[in-house]
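Visitor: Sequence plus the predicted model coming up.
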Amino acid sequence: MLLNKIAPIMFMMMSLIVCLMVILNVVSAQNVSQDIENACAKDASSPMCAGYTEGKNSATSNNPMQKIVGTVVNLFAFFGGAIAVIYVVYGGFKYVASAGNAEKASSGRQTIFYALIGLAVIIVAQQLVLFVISKL
């Protein structure tokens, strides 16, 4: 009986942790990319810069339109990701507060599922747009 009470809380916490890890991973990857760009700008002969081509990343491009599109896409992805995390937490609360009602528990699970699908769509769309504008 104790497991039935703990399982929804653990599910909600794990979902929140996964969402936070995805968001932190995206932010961390952007920081590492920026660090590499800065290092290669100082010393292009470094082995770390092998294969790096200036101007192929939207963050270092001289084209102002690419910079604007990249910034707008990143902002939308950030806010969309934040909304998805909020919905995961909301779905977790719905699931935990269902009090054994199967219909409410199902509604909470669906909210979490659709929020995670939305987060995946946001990440894929962001990376696709950034990839396309980096090739222009």
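Guide: Thanks, I have it.
Visitor: Would you mark the buried spots in stretch 124-136?
Guide: For stretch 124-136, burial by neighbour count (16 or more other CB atoms under 10 Å) applies to Gln126, Val129, Leu130, Ile133, Ser134. (C-beta placed from N, C-alpha, C; glycine too.)
Visitor: Which secondary structure elements does the helix or strand harbouring Ile117 sit against?
Guide: Element membership for Ile117 (DSSP states H and E) is helix 102-134. In terms of contacts (3 or more CB pairs under 8 Å, 6 or more residues apart in numbering; DSSP states H and E), helix 102-134 is packed against helix 2-42, helix 64-96.
Visitor: Show me which positions of the last one end up buried.
Guide: Spelled out, that is helix 64-96. Buried, per 16+ other CB under 10 Å, within helix 64-96: 66, 69-70, 73-74, 77, 80-81, 84-85, 87-89, 91-92, 94-96.
Visitor: hang on, the earlier thing: and the helix holding Ile117 with helix 64-96, angle?
Guide: If you take axes from the mean of the first three to the mean of the last three CA atoms, to 10 degrees, helix 102-134 sits at 170 degrees to helix 64-96.
Visitor: related to what we said a few turns ago, which stretch in the helices and strands packed on helix 102-134 has the least confidence?
Guide: Among those, helix 2-42 has the lowest mean pLDDT, at a mean of 65.
Visitor: Which of the buried residues of stretch 124-136 sits closest to Gln110?
Guide: Here the nearest of the buried residues of stretch 124-136 to Gln110, counting by CB to CB, is Gln126; it sits at 24.4 Å.
Visitor: can you pull the contacts of that closest one?
Guide: Val26, Val73, Asn74, Phe76, Ala77 (CB atoms under 8 Å, 6 or more residues apart in numbering).
Visitor: how about a cut-off of 10 Å?
Guide: Residues counted as contacts of Gln126 (CB atoms under 10 Å, 6 or more residues apart in numbering) are Val26, Gly70, Val73, Asn74, Phe76, Ala77, Phe78, Gly80, Gly81.
Visitor: how about those in JSON lines, adding distance to Gly118?
Guide: Converted to JSON lines, the contacts of Gln126 look like this (distance: CB to CB, whole Å):
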{"residue": "Val26", "distance to Gly118": "15"}
{"residue": "Gly70", "distance to Gly118": "21"}
{"residue": "Val73", "distance to Gly118": "16"}
{"residue": "Asn74", "distance to Gly118": "17"}
{"residue": "Phe76", "distance to Gly118": "13"}
{"residue": "Ala77", "distance to Gly118": "11"}
{"residue": "Phe78", "distance to Gly118": "14"}
{"residue": "Gly80", "distance to Gly118": "7"}
{"residue": "Gly81", "distance to Gly118": "9"}
